[in-house]
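Undergrad: could you look at this predicted model? Sequence included:
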Amino acid sequence: MEPLERYRPIVDEFEAFLAACDRPLGNAVRVNTIKASVERATAALEEDGVAFEQAAWNPRVLRLETDSPGSTWSSVHGFTHGQEEVSAVPPVVLDPEPGERVWDCCAAPGGKATQIASLMDDRGTVVANDNNLGRISALRFNAERLGATSLAVTNADARNYSLKPFPFDAFDRTLVDAPCSCEGTIRKNPDALDNWSEGHLHSVAGIQKGILRRAIQTTREGGTVVYSTCTFAPEENEAVVQHAIENEPCRVVDFDLDLEYAPGLREWNDETFDPTLERAARIYPHHNDTGGFFVAKLEVTAE
Amino acid sequence: MTDGDGTAAEDRDTGLESNVGQRFDRLPATAAERTVEGRASRREVLEYFEDRFGIPPETFDDYSFWEKGAGKIWIYAGEASSPVEIEAIGMTCLRTRQEHWKPTTDFVQRFGRHASECVIELDPEAARRFVAGEDQELEWDGDWGYLIAAHEIAGDLEPIGVGLYVHGELRSMVPKGRQREL
Ligand SMILES: C[S@@+](CC[C@H](N)C(=O)[O-])C[C@H]1O[C@@H](n2cnc3c(N)ncnc32)[C@H](O)[C@@H]1O
């Protein structure tokens, strides 16, 4: 927990934040509307004898009161998919529509890619990419289990991604759920901070900048790019988005999200960020009793 | 049951190309438009689902079918160029190039609710054994071969997966990774 001390100046109610980081996280699932409506999925869970609570901000997210969410009929049928509550936020902010072309450039193991397909009623094209072949098998397994027929899987480095396999030259929307230092997953993985170092933050930030840059380049003018991480470090969040707005044609835009969160930062150590970065969301564990997340929404503008 | 991969190399004298393993090719609309020996056509796939399971062909109007490897058919709702070399395109739906075509568990779970024939309804105990991967003796008056095994859940029939019915026995084809002890 020691590395988190550096966030004392930016986190309100810092003791509550630390206490929340120390508490284990409950089980949550997302209803996979490709296979069942929320009504049908919850009825199946009731038959399974599993108690649950619907998240107020998103009726498709259920907090379960069970230790084995996988051994239920609703899981066998792919009506539900185990997914941390806060990890369901970025696809909601991306807000894809049926029929669109969407790129999830860091997609494995596929929780968000299949959620995107579900939000699109499984109509359109969801290109789920990851550079890690080992993780792609989990992505493929999840996509098939959840019945996502609109999803194509590619294995490439997002930083120099080519759209050659597809008969179009830009996406309508892109999700960059970037590799990161994962500080916000401490409640799920108590050893998440074991190998923490400031050097690591900076090296992963370099990768994040390269991926976000390519995401903006491959998204059409007027299209949407959502940048998210499960970490608190401003070096991997505001600084990466700041780099994008300085170097690529895009701007940070507002979004509605019915959860408690703090705005993005205007400054960190010696760095200052554009005022529009306050439109980003910093979701801390003590806000909604979830993991931690950062989400920013960008609109691609004319060159 | 084996997944008998027919090898395309045997087709040397037909003047048709052989199948390329690591890429996806869109199925030809009909057998007459076929350029790869042994490849199923879209029409044959639709006829199979209709003849065997009573699934109306219109169900698939907005989907394309693709082959990767010899006989593995994928169903896809999105856009892609053909041929295309990627990791996956939609989901696997059917195994052709063997005497009895065989749908996949994932396909049956996704589209099996459109079926009206060759659907065997299991009681709760039989359903539990089926998803655990067990074979079981069961009464069935219909055709032998691959069936859609379904059970009632939350007031509606829901397909679980594919079973092979022979000699009074239903063999569960649920793949290891999808089996569960419930
Ligand atoms: C936070 S995880 C993604 C989680 C996923 N979006 C989900 O919801 O299931 C980040 C992913 O980025 C992948 N990755 C790392 N560097 C990459 C790169 N240069 N190009 C593409 N993917 C990359 C990692 O393999 C990892 O699977």
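TA: Perfect, I can see it now. Numbers count the residues shown, from 1 in each chain, chains lettered A, B, ... in the order given.

Undergrad: from the centroid of the chain, which residue is nearest?
TA: No chain was given, so I picked chain A. Centrality entry for chain A: nearest residue to the mean C-alpha point is A:Pro90, 4.4 Å, by CA atoms, centre = their mean.

Undergrad: meant chain B actually
TA: Using CA atoms, centre = their mean, the most central residue of chain B is B:Pro103, at 1.6 Å.

Undergrad: so that residue makes contact with B:Tyr146?
TA: Yes. B:Pro103 is in contact with B:Tyr146 according to CB atoms under 8 Å; the separation is 6.6 Å. (C-beta placed from N, C-alpha, C; glycine too.)

Undergrad: give me the common contacts of the two.
TA: Listed as contacting both B:Pro103 and B:Tyr146 by CB atoms under 8 Å, 6 or more residues apart in numbering or on different chains are B:Val162.

Undergrad: the longest helix along chain A packs against which elements?
TA: Longest helix in chain A by number of residues, with DSSP state H as the criterion: helix A:198-217. For helix A:198-217, the packing partners by 3 or more CB pairs under 8 Å, 6 or more residues apart in numbering or on different chains; DSSP states H and E come out as strand A:171-177, strand A:219-229, helix A:238-247.

Undergrad: tell me how chain A divides into domains.
TA: If you go by the TED database, the domain ranges for chain A are A:2-24+A:84-300, A:26-83.

Undergrad: tabulate those domains (JSON lines), appending distance to the ligand and mean pLDDT.
TA: Formatted as JSON lines, the domains of chain A follow (distance: least, CB to the nearest ligand atom, whole Å; pLDDT from 0 to 100):
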{"stretch": "domain A:2-24+A:84-300", "distance to the ligand": "3", "mean pLDDT": "97"}
{"stretch": "domain A:26-83", "distance to the ligand": "8", "mean pLDDT": "94"}
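
Undergrad: right, and those domains - which one's nearest B:Tyr63?
TA: Closest approach to B:Tyr63 among those (CB to CB): domain A:2-24+A:84-300, 6.6 Å.

Undergrad: tell me how far that closest one lies from the chain's centre.
TA: Remark: domain A:2-24+A:84-300 is offset 4 Å from the chain centroid, using CA atoms, centre = their mean, to the nearest Å.

Undergrad: could you list the residues in contact with the helix ranked longest in chain B?
TA: In chain B, with assignment by DSSP H, the single longest helix is helix B:42-53. Under the criterion CB under 8 Å, 6+ apart, residues B:27-31, B:55-57, B:59-60, B:64-65, B:73, B:94, B:96, B:101, B:103, B:111-112, B:114-119, B:145-146, B:148 lie in contact with helix B:42-53.

Undergrad: near chain A, which residues of chain B?
TA: Residues of chain B found near chain A (CB under 8 Å from any CB of the partner chain) are B:62-63, B:75-81, B:84-92, B:104, B:106, B:109-110, B:131, B:153-156, B:158, B:160, B:177-178, B:180-182.

Undergrad: for the stretch 51-200 of chain A, what spans make up the strands?
TA: Listed in chain order, the strands found in the stretch 51-200 of chain A under DSSP state E, counting those that start in this stretch are A:52-55, A:58-64, A:80-82, A:101-104, A:125-129, A:151-154, A:171-177.

Undergrad: repeat for chain B
TA: Secondary structure of chain B by DSSP state E: the strands cover B:24-26, B:64-68, B:72-76, B:88-89, B:91-95, B:102-103, B:119-121, B:136-137, B:145-153, B:156-166, B:169-172.

Undergrad: ok so, going back, who does the residue nearest to the centre of chain B bridge with?
TA: Using DSSP bridges, the beta-bridge partners of B:Pro103 come out as B:Leu94.

Undergrad: tell me the contacts of the spatially closest residue to A:Trp268 that is not a sequence neighbour?
TA: In this structure, A:Trp268 finds its nearest non-sequential neighbour in A:Pro234, 3.8 Å apart by CB to CB, 6 or more residues apart in numbering or on different chains. The contact partners of A:Pro234, by CB under 8 Å, 6+ apart, come to A:10, A:265, A:268, A:271.
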